[in-house]
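A.B. asks: Just the structure for this:
(3 chains)
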Amino acid sequence: MKVLSKIYMVLIFALLYAPIIVLVLFSFNRAGTFNNYSEFSFYWYKELFRDSTALDALKNSLILALSSAAIATVIGTLAAYGINGMRNKYVKTVINSITNIPMMNPDIVTGVSMMLLFAAASAIPFLNVEMGFGTMLIAHTTFNLPYVILSVLPKFKQMDKHLSEAALDLGCTPAQTFLRVELPFIMPGVVSGFMLGFTLSLDDFVISHFVSSSDFKTLPLYVYNQTAHDVKFSMYALCALMVFAILVLMILVNFAGADRSNNKKKKKTRAVSKI
Amino acid sequence: MKRKTFLERAAAVPHIVWMILFIVAPLLFVIYFAFTDASGKFSFSNIVNLSNYGNIFLMSVLFAFLATVICLLLGYPLAFFMSRLKPSTQRAVVLLLMLPMWISLLIRTYSLLALLDNGGLLNSLLQALNLPTVKIVGTPGAVILGMVYDFLPYMVLPIYTTLSKLDIRLFEAAEDLGCNGVKTLFKVALPLSKSGIISGITMVFVPSISTFYISQKLGGGRFDLIGDTIERQFLMNNNKNVGAAISLVMMILILISVAVMNKFGDDDGGELIV
Amino acid sequence: MKKILALILLAVIVLPVLASCGAAGDTITLYVYNWGEYISDGSEESLDVNAEFEKYCSESEEIHKITGGKKVKVNYSTYSSNEDLYAKLESNTVSYDVVIPSDYMIARLAKEGLIQKIDVSKIENYGNIYDNFKNLFYDENNEYSVPYTYGTVGVIYDTSKVDAEDAADHSWALMWNEKYAGDILQFNNPRDAFGVAHFYQGTNPNTTDADEWIKAQKLLKDQKAVVQGYVMDEVFNKMESGSAAVAVYYAGDFLTMYEDNENLDFYYPKEGTNVFVDAMCVPTSSKNPDLALEYINFMLSEEIAIANAEAICYASPNKLVVENEDYKECMAEIHENAMDILYGYDEEKMEYFHDLPDDTRALMNNLWEELKIDGEKNTAIIIICCVMFAVFAAIIVFMVIRKKKKTLSY
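C.D. replies: Numbers count the residues shown, from 1 in each chain, chains lettered A, B, ... in the order given. A predicted model of the protein is given here:
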C-alpha cells in the first residue's frame, strides 16, 4: 500500500511537471524548435534581454502589483477595522457579501464589467478616461480588496476588545490606540493580505486583458500576445526565468519560515532549560 | 457601552465608496447592457436570444463538470497520501504542489500545447520510437485535459489542508473497530474533509467554466466555451449587449451554485482561500 | 513591523508617481498598431525599424520642429485581424497614431469617421509608390491611406503529409479533404473564412445575396468537422513544427514559414482567391498626427521599406523596393520562386474584398457566430448533461433526506 501510494504521488507530480520541465529544457535549444535539439545555448536568453518590450512588461508588472497591493492593503485594513466595529448586523452582511463578489465571480465577468464601466466613463468628456495604468490599477485593487479584508478581519475578531479600551482609558487618542495597540496585533494579517494581493496581481491575465492598452502591458499580457503570434523561443526563455524566480522565492520563503519556527523552538527550549 | 470613535465610523468609508464605484457600478452596467439593444433601448431580445447559446452553456458546464470530477478523483487520493507523509516530507511536497500554482496559467497551458501538439515533443518522441502518432489538440479531450492539468493543484491543496488537520488516531480507531480501508475512506475521511472537497470543487469548477485561453489554444477555437463567446463578443464582434447578457447569466449561475455549495459545507464554514 | 508598514505606505505614495513620470515629461510617444509579424523588428539580425525611427527623430531637424526637441518613443503593439482593430478603435478607450488596416476595413473606418484625412503632399516619399496603388476603390481620392504592402491568400500545405495528387489540381477542395481531418487550419475571422468558402463555391465574396452567404456557411459548417482549428498568426508555429498539414494564409507568410520548414509548398487555388492592400492610416483619435505622417514617410524610405519587405516577405508597392537588385536576390535566397509567388500571380483570378453593406455584414457576423457556436454532437451532449444533472440532483436529495433522518433520530 505504502509503495503504491508513493508510486501514485510520483506519477501525478511527474505529469504535473512534465510540460514545465520540457519548456525549461527547450529554452536552451539553439535551434528554436521542439523537433530537434541542436545544441545547448543561452542564445534565446540573450535575445530576450535585447527585447525591450519584455523588460518593460516586467517593470510594469512589478509596479502594478506593488501599488495595487499597497492601496488594497491600506483601504482593506481600514475597512476591516470599520466592519469589525459595526453593530448593525444587516449592514455588515451586505458589505461583506458585496466585497466578496470579485472573489466569487469568474475573472472574465469582473474584467468585462470593468471594461463596460471604463468605456462608459470615457464618454464623459472631462474625465478623460483612457485604458492604461490607471484603469489597470483600479481593476487590480478591486480584486485584491476582498483578499486583504479576508486575511485582516479574523485578526480583528481574535483581538481582545479590552486591550484597546484599556489603551483609551490610559489616555491614548483613538488614532494612537489604532497605531500602537491594534495595528501591531493585526500586522501578520496585513502582511499576508499584502502578499496575497501582490501575487494575485502579478499573475492576473484575464481582468487585465479587458482593461489594458498598449500603453501599459504587463508580463502575462506580453506572454498572451506572444502566444497569439509566431512564438519565438525567447518567450520560453522568459517563462523558464519566471519558473526559476518562483522556485527560488518559494524555497527562500520556506526556509525563512522554517528558520523562524526553529528559532522559536530554540528560544522556548532555552527558556525551559533556564527554569 | 463604548462610544464609537470617529476613526471607527470613518474607517470603512473609503472601502464602501470604492465598492460602490468599482464593484456595484460595473455590475449595474452589465445588467444595463444585457437589457438594452445596440441603440440603447430597453429590450429582452438579448436574453431571449440566449437560447441560441444553449449549446455553448451545456458544453461548458459539461467540460467543467468532467474536469472537476477528474480533478477530484485524481486529487483526493493524492491529498490523502500527502497528509500521511512525515511532516518534513509533507512540507516539501506541499511546496512542490504549490509551485505550479504560482506559474502563470498562460505559461502552463502553452507548455502543455507545445508538448501535445501534433508536431510537438510527444509526437516527435513517438515518431522516433516508430510508434503511431496521436492527434490530441483540437479535440474535446484536449480541452478537458488542459483544465485538469491547470487546476488540479487547486483541488488538492484545500483537501490536503483539511485532511492534514485531522487526528491520525481517528483512522486507527476506525480500523480497530473493524472498518476496512474502503470503509474508513467513506465513513471517516470523506465526511470529515467535506469542507475541503467543497472549496476544491468551487476552485476548479469556476475557472474551468469561464476559461477561454485553454479552449482557444488546446481546442483550436473549435470548441467555444462561455468564456470564448464572451471574449469574442467584446473584443471582436463588438456586440456588448449579447456579451453582457451571457456574462450576466453565467454570473448568476455561478453565484447560485457557489452559494449552494457553501450551504453544503456550512458546518465548517468552508475555506475558500488557501 | 513598523518598517514593513512604512515600506507599504512609501510604495503607495511613490509608485504611482514613478509610473506617471515615465509616461509624461520630455518624451512623445507615438502609438503604432499593426498586424502581428508585420514589421522588421530587429530579431535575427534584421533592422529594428522602430528603433531606427526613434534615432532618426532625435537627429532630424525637421522633426524637432514638430516635437519641440522632445524625444520620440514608438509604442508598437499588434492585432491579429481587421475586426480586432475595428473593435479597439470603435471602443474609443485607446488612442493610436498609426494603424495599418486592409482595404475594405479602410473604407469602413473612413465611412464611420474613425480615421482622419491626411495630406499626402506632406509625405515626401509618397512618390515612391507605384501609380496603380493610388486612387484604389477603397480610397478613391487618396485622402486616408498610404499603401504599406499588398498580398494574396493561398493554400499552404506540407508535402511530407499531403499526397502530391491531392494538391495537384490546385483547388480549394484540399481544405475540405476528409483525408486530412484534424490537420486543416482555417482563418479565425469571418471576412477571410467566408471569402474562402465563396471562392470555393464560385460566388463573389462581395455578394449581397443572402442565400449565397448561407450556402457559404453550410460549406464552412461541413468543414468544421475536418479542421483542427481556427487560427490567425498561430499558423506560423503550427505549420513550421508540422502540427498541421493544410492551411490557408497569406502568400508572404508562406515564405516566412518556408524559411523554417522546407517541406511546405504553396499554390493559388484555381477557383480564385483574395488580393488585398494594407495601408497606413491615422486614426481620428491620434494625438500626434504630424508625427504620424513622419512615421509613414519614414516607412516609405528606401532602406526601411526594403528591410520591412525582406523581413515580412510581403509584396511591396514601393518602386525602390521592387527594382532593387539586393532585394530580389534576398527573396530568391528564401525561395526560388519567391518573386513569382509575390508579384507574378494571375490577376484575372484575384478579387478584392469590399466593405459590405451594413445588413450583409450583420448577416455575415451572425452566420459566423452560428458557425462558431455550432456543436457537432448536439444530442449526445444534451443527453450526457441530463444524466449528469439527474445524478447530481439525486445525490443532493439523498443527502438532504439522510440529514433529516439523522436530525429526526436525535
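
A.B. asks: Nearest to chain A: which residue in chain B?
C.D. replies: B:A12 (2.7 Å; CB to the nearest CB). Placement of C-beta: from N, CA and C, glycine included.

A.B. asks: May I see the domains of chain A written out as residue ranges?
C.D. replies: A:15-50+A:232-267, A:57-230 (automatic domain parsing).

A.B. asks: Just say which of those is most tucked in.
C.D. replies: Mean neighbour count (mean count of other CB atoms under 10 Å in any protein chain shown) peaks for domain A:57-230 among those, with a mean of 20.

A.B. asks: measure it end to end?
C.D. replies: Across domain A:57-230, the terminal residues are separated by 19 Å (CA to CA, to the nearest Å).

A.B. asks: Same question for stretch B:228-243.
C.D. replies: Distance between the two ends of stretch B:228-243: 10 Å, counting by CA to CA.

A.B. asks: Work out the gap between it and the centre of the chain.
C.D. replies: How far stretch B:228-243 lies from its chain's middle: 22 Å, per CA atoms, centre = their mean, to the nearest Å.

A.B. asks: That stretch near chain C anywhere?
C.D. replies: Yes. Stretch B:228-243 reaches chain C (CB under 8 Å from any CB of the partner chain) through B:228-229, B:232, B:234-239.

A.B. asks: Identify all contacting residues around the helix or strand hosting B:L112.
C.D. replies: For B:L112, the host element (DSSP states H and E) is helix B:105-116. Here helix B:105-116 makes contact (CB atoms under 8 Å, 6 or more residues apart in numbering or on different chains) with A:18-20, A:22-23, A:26, A:34, A:203, A:205, A:220, A:223-224, A:227, A:231, A:239, A:242-243, B:100, B:120-122, B:136-137, B:142, B:145-146, B:149-150, B:213-214, B:217-218.

A.B. asks: Keep only those of these that are also close to chain C.
C.D. replies: With CB under 8 Å from any CB as the criterion, the contacts of helix B:105-116 include A:34, A:227, A:231, B:120, B:137 near chain C.

A.B. asks: Redo those residues as JSON lines? Include pLDDT and secondary structure.
C.D. replies: Output for those, formatted as JSON lines (pLDDT from 0 to 100; DSSP: H, G, I helix; E, B strand; the rest coil):
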{"residue": "A:F34", "pLDDT": "78", "secondary structure": "coil"}
{"residue": "A:T227", "pLDDT": "90", "secondary structure": "helix"}
{"residue": "A:V231", "pLDDT": "84", "secondary structure": "coil"}
{"residue": "B:G120", "pLDDT": "85", "secondary structure": "coil"}
{"residue": "B:V137", "pLDDT": "89", "secondary structure": "coil"}
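
A.B. asks: quick check: mean pLDDT across the helix holding B:L112?
C.D. replies: For helix B:105-116, the mean per-residue pLDDT is 92.

A.B. asks: and if you look at stretch B:59-76?
C.D. replies: Mean pLDDT, stretch B:59-76: 92.

A.B. asks: what comes up buried for it?
C.D. replies: Going by neighbour count (16 or more other CB atoms under 10 Å in any protein chain shown), the buried part of stretch B:59-76 is B:59-72, B:74-76.

A.B. asks: ditto for stretch C:39-50
C.D. replies: In stretch C:39-50, counting by 16+ other CB under 10 Å, buried: C:39-42, C:47-50.

A.B. asks: which regions of chain B lie under the pLDDT threshold?
C.D. replies: For chain B, the stretches with pLDDT under 70 are B:1-5, B:264-274.

A.B. asks: and it, which residues reach chain C?
C.D. replies: Residues of chain B lying near chain C (CB under 8 Å from any CB): B:52-53, B:55-56, B:58-59, B:61-62, B:65, B:117-120, B:135, B:137-139, B:219-222, B:224, B:228-229, B:232, B:234-239, B:264.

A.B. asks: filter these down to the ones close to chain A.
C.D. replies: Near chain A, taking CB under 8 Å from any CB as the test, the members of these found are B:119-120, B:234-235.

A.B. asks: In three-state terms, how would B:G40 be classified?
C.D. replies: The assignment at B:G40 comes out as coil when based on DSSP: H, G, I helix; E, B strand; the rest coil.

A.B. asks: which helices and strands sit right next to the helix or strand that B:L99 is a member of?
C.D. replies: Assigned by DSSP H and E, B:L99 belongs to helix B:87-102. Secondary-structure packing of helix B:87-102 (3 or more CB pairs under 8 Å, 6 or more residues apart in numbering or on different chains; DSSP states H and E): helix A:2-26, helix A:233-274, helix B:54-83, helix B:140-165.

A.B. asks: Looking at the buried residues of stretch C:39-50, which has the smallest pLDDT value?
C.D. replies: When the buried residues of stretch C:39-50 are compared, C:G42 shows the smallest pLDDT, 83.

A.B. asks: Any stretches of chain C with poor pLDDT?
C.D. replies: Scanning chain C for pLDDT under 70 picks out C:1-25, C:375-382, C:403-404, C:406-410.

A.B. asks: Tell me what whichever residue of chain C sits closest to chain B is bridged to.
C.D. replies: Residue of chain C nearest chain B, by CB to the nearest CB: C:G229 (2.1 Å). Beta-bridge pairing for C:G229 (DSSP bridges): C:L185.

A.B. asks: Buried residues of stretch B:153-169, list them for me.
C.D. replies: Buried residues in stretch B:153-169, defined by neighbour count with 16+ other CB under 10 Å: B:153-164.

A.B. asks: and the residues you listed near chain A, which?
C.D. replies: The subset of the buried residues of stretch B:153-169 within reach of chain A, by CB under 8 Å from any CB, is B:P153.

A.B. asks: From A:Y90, how far out is the residue in chain B that chain C sits nearest to?
C.D. replies: Nearest residue of chain B to chain C, counting by CB to the nearest CB: B:G220, 2.1 Å away. To A:Y90, B:G220 is 50 Å away according to CB to CB, to the nearest Å.
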